[in-house]
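Undergrad: Next comes the sequence, and after it the predicted model I'd like to discuss.
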Amino acid sequence: MKIIYKITYPNGKIYVGKDLTDSINYFGSADSRLVALDFTREQRRDFIIRREVLWESESATDEDVNAKEVEFIRALKSNDPAIGYNRWPRFNGPA
């Protein structure tokens with residue numbers, strides 16, 4: 001199963017990613033430095049993140065999944081630094 005997921009951090013910011021293996025233990029590859037900047041040392045001691053599967057397919061090609069990931073990043077604006085941690089595709093401001 002191939003999936004597109006959304007990670008929500010305690011500060012409300014999100015990260016959208018893909019997993020081509022549907023690993024239950026995979027939580028994305030958001031830039032740890034960017035995430036760390038938003039949390040104090042105390043906040044880092046105990047927090048909960050949420051992973052939601054937004055889309056899944058048993059038959060999609062890797063290219064289909066890549067396109068779907070970009071579609072969700074743009075739709076949810078997770079590439080807007082005020083909203084999320086995706087840095088690609090580049091956010092160009094309000095549409």
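TA: Received it, and whenever you're ready, just let me know what you need. Numbers count the residues shown, from 1 in each chain.

Undergrad: Could you use CA atoms for every contact and neighbour count after this?
TA: Fine.

Undergrad: where are the low-confidence patches of the chain?
TA: 94-95 (pLDDT under 70).

Undergrad: one more time with 90
TA: Using pLDDT under 90 as the threshold, the predicted model of the chain has low-confidence ranges 27-28, 91-95.

Undergrad: List the buried residues in stretch 63-75.
TA: For stretch 63-75, a neighbour-count test (16 or more other Cα atoms under 10 Å) marks Val65, Asn66, Lys68, Glu69, Val70, Phe72, Ile73, Arg74 as buried.

Undergrad: what's in contact with it?
TA: Residues lying outside stretch 63-75 but in contact with it, judged by Cα atoms under 8 Å, 6 or more residues apart in numbering, are Lys2, Ile3, Ile4, Val16, Gly17, Lys18, Asn79, Asn86, Pro89.

Undergrad: Return the residues in contact with the last one.
TA: I take that to be Pro89. Pro89 makes contact with Val70, Ile73, Arg74, Asn79, according to Cα under 8 Å, 6+ apart.

Undergrad: which residues does Lys6 bridge with?
TA: Lys6 forms beta bridges with Val16, Glu52, as assigned by DSSP bridges.

Undergrad: my guess is it contacts Arg51, does it?
TA: Yes. Contact between Lys6 and Arg51 holds when scored by Cα atoms under 8 Å: they sit 5.6 Å apart.

Undergrad: who has more neighbours, these two?
TA: Just comparing Lys6 and Arg51: by other Cα atoms under 10 Å the higher neighbour count belongs to Lys6, 22 against 17.

Undergrad: before we move on, the earlier item: which members of the buried residues of stretch 63-75 are positioned in strands?
TA: When strands are assigned by DSSP state E, not one member of the buried residues of stretch 63-75 lies inside them.
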